[in-house]
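> No letters, just coordinates:
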């Protein structure tokens, strides 16, 4: 009888241990599932970050190309402006020379008219 009681107590302890172990196993499985979901989420975020980084990199490359094109255009405009300024100086000089020539002719005609 005493041996039966001890066996029953041992069986009860084993059942409790089994239930405890089963509960811990379920908890571990749940934790593992939560961890796996978190890993999937982090992986997705990382892929999104990489994609965004690649998009921004392409955008920077495109902007650098546009900047270089604008620099070339700016350089051409500066050269054109320099040529226009030089043309204006030459035209102004010709205008001054023409005015001086007109003044000389007028003075010459005045002199001729005075003699007459």
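Right, received. Where do you want to start? Here the structure is a predicted model, which is why all the values come from computation and not from measurement.

> Let me know the helix or strand that residue 62 is in.
When secondary structure is defined using DSSP states H and E, the element that contains residue 62 is helix 2-115.

> chain center to that helix, what's the gap?
For helix 2-115, the gap between its own C-alpha mean and the chain's C-alpha mean amounts to 0 Å (C-alpha atoms, centre = their mean, to the nearest Å).

> So what's the model's average confidence on it?
Confidence for helix 2-115, expressed as mean pLDDT, is 94.

> could you say what helices and strands it packs with?
Helix 2-115 sits against no helix or strand, with contacts defined as 3 or more C-beta pairs under 8 Å, 6 or more residues apart in numbering; DSSP states H and E. Heads up, the C-betas are built off the backbone N, CA and C, glycines and all.

> Offset the numbering so it begins at 13, please.
That works, and once the first residue is 13, the last one we named lands at helix 14-127.
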